[in-house]
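Asker: predicted model and sequence follow; I will ask about them next.
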Amino acid sequence: MSEPDALGDDQLLELLGRALAEDAAVPERRRAAARAALGWRSVDAELAALLHDSALEAGAAVRSSGAGAGPRTLSFEDDGTTLELEHDGAGGELLGEVVGVPGAVVRVERADAEPVAVRADASGFFRIEGVGTGPVRVVVERDGRALTTPWVTL
């Protein structure tokens with residue numbers, strides 16, 4: 001290629017035309033992926049804060065994780081909404097309460113299974129059966145707002 005100062009108008013227009021043709025050749029799925037990647041810039045700021053985890057309490061690491069260990073409790077908060085969870089590892093039952101958001105849809109997401117969604121009752125309580133141990137996250141949605149927990153291992 002020639003030096004930029006040595007290019008004539010016709011040569012510059014040809015280069016510009018090629019650059020525009022390359023832009024048009026980018027598949028729409030790649031454009032969509034690039035736009036979606038911008039959403040990851042603030043992903044940490046959008047996650048609910050962990051307020052309490054019974055597995056982090058003093059002595060929890062030395063207690064037995066067997067049937068006598070008791071349920072695991074977690075609390076999360078985001079934008080004035082609190083999510084309380086209790087998981088019975090042996091039975092796979094997840095009990096919870098969405099404080100301040102009655103009737104919210106609560107969805108449990110797992111990497112190895114389809115999401116399971118239930119609606120909290122008028123008091124904010126919900127129950128989901130068959131939530132085994134492993135990584136999960138919980139999403140609470142109501143009135144266009146969402147509380148999303150970070151991934152935790154139950």
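Answerer: Happy to help now that I have it.
Asker: use CA for all of it now, contacts and neighbours both
Answerer: Fine.
Asker: which one's the longest helix in this structure?
Answerer: helix 9-24 (DSSP state H).
Asker: next, the buried residues of the helix or strand just after that helix.
Answerer: Using DSSP states H and E, the next helix or strand after helix 9-24 towards the C-terminus is helix 28-37. Using 16 or more other Cα atoms under 10 Å as the test for burial, helix 28-37 gives no buried residues.
Asker: cool, and stretch 116-131?
Answerer: Arg119, Ala120, Asp121, Gly124, Phe125, Phe126, Arg127, Ile128, Val131.
Asker: mind putting those residues into a markdown table with secondary structure?
Answerer: Below are the buried residues of stretch 116-131 laid out as a markdown table (DSSP: H, G, I helix; E, B strand; the rest coil):
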| residue | secondary structure |
| --- | --- |
| Arg119 | strand |
| Ala120 | coil |
| Asp121 | coil |
| Gly124 | coil |
| Phe125 | strand |
| Phe126 | strand |
| Arg127 | strand |
| Ile128 | strand |
| Val131 | coil |
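Asker: looking at those, which gets the smallest pLDDT?
Answerer: Within these, Val131 has the lowest pLDDT, namely 92.
Asker: what about that residue, distance to Gly92?
Answerer: As defined by Cα to Cα, to the nearest Å, Val131 lies at a distance of 5 Å from Gly92.
Asker: I'd like to know which helix or strand in this structure has the lowest mean pLDDT.
Answerer: Scoring the helices and strands of the chain by mean pLDDT, DSSP states H and E places helix 28-37 at the bottom, with a mean of 77.
Asker: next helix or strand past that one?
Answerer: In N-to-C order, the element after helix 28-37 by DSSP H and E is strand 49-53.
Asker: what's the mean pLDDT across that following strand?
Answerer: Here the average pLDDT along strand 49-53 is 94.
Asker: do the same with stretch 82-89
Answerer: 94.
Asker: who touches that stretch?
Answerer: Residues from elsewhere that reach stretch 82-89 (Cα atoms under 8 Å, 6 or more residues apart in numbering): 70-77, 93-100, 132-133, 154.
Asker: swap the cut-off to 7 Å and go again
Answerer: With Cα atoms under 7 Å, 6 or more residues apart in numbering as the contact definition, stretch 82-89 has outside contacts at 71-77, 93-99, 132-133.
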